[in-house]
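A.B. asks: Give me coordinates for this.
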Amino acid sequence: MPILVKLYGKLKEKVKDFELYGGLPVSMHINPDEVHIVHDILEKFAIYEEELSHIFVNSKYSGIDKKINNGDRVGLFPRNMALLFVELLPQNR
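C.D. replies: I've put the predicted structure just below:
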């Protein structure tokens, strides 16, 4: 089962030579044999970790070392969208 990757904001400019699915964010399916962790997806699209604010795997906040499985959904958000999540994510207080 393919992995669904969604690139938000300016990250959509990183997409080349992929069959995209309509709407925003830019969504595409990738072969699960090509990636094992989130970092592999970043390399595939030439995205630097410093360009990201948030990573979600199956709707859960994740890091670049998160393991990716067949059928997973991965959302990548750029730094300029970081403020969107200030109120949504738990705060360490």
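A.B. asks: For residue 6, give me its contacts.
C.D. replies: For residue 6, the contacting residues are 25-27, 73-76, by CB atoms under 8 Å, 6 or more residues apart in numbering. In short, each C-beta sits where N, CA and C put it, glycine included.
A.B. asks: Of these, which count as buried by neighbour count?
C.D. replies: 26-27, 74-76 (16 or more other CB atoms under 10 Å).
A.B. asks: and of those residues, the nearest to residue 61?
C.D. replies: Checking the buried ones among the contacts of residue 6 against residue 61 by CB to CB gives residue 75 as the nearest, at 10.0 Å.
A.B. asks: Where does the closest one sit, in terms of helix or strand?
C.D. replies: strand 73-78 (DSSP states H and E).
A.B. asks: CA atoms only: put that strand into CSV for me.
C.D. replies: C-alpha atoms of strand 73-78 as CSV (Å, rounded to 0.1, in the frame of the first residue of the first chain):
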residue,chain,number,x,y,z
ARG,A,73,0.1,9.3,5.9
VAL,A,74,2.8,11.9,6.3
GLY,A,75,2.3,15.6,6.6
LEU,A,76,5.2,18.1,6.3
PHE,A,77,4.8,21.7,7.3
PRO,A,78,7.3,24.5,6.6
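A.B. asks: hmm, who's touching it?
C.D. replies: 3-11, 25, 38, 41-42, 47, 51-59, 68, 84-85.
A.B. asks: Can I get the buried ones among these as something I can paste into PyMOL?
C.D. replies: A single PyMOL command selects the buried members of the contacts of strand 73-78 (16+ other CB under 10 Å):
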select buried, resi 3+4+5+6+7+8+9+11+38+41+42+47+51+52+53+54+55+56+57+68
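A.B. asks: among the contacts of strand 73-78, which are in strands?
C.D. replies: Members of the contacts of strand 73-78 lying in strands (criterion: DSSP state E): 3-7, 52-57.
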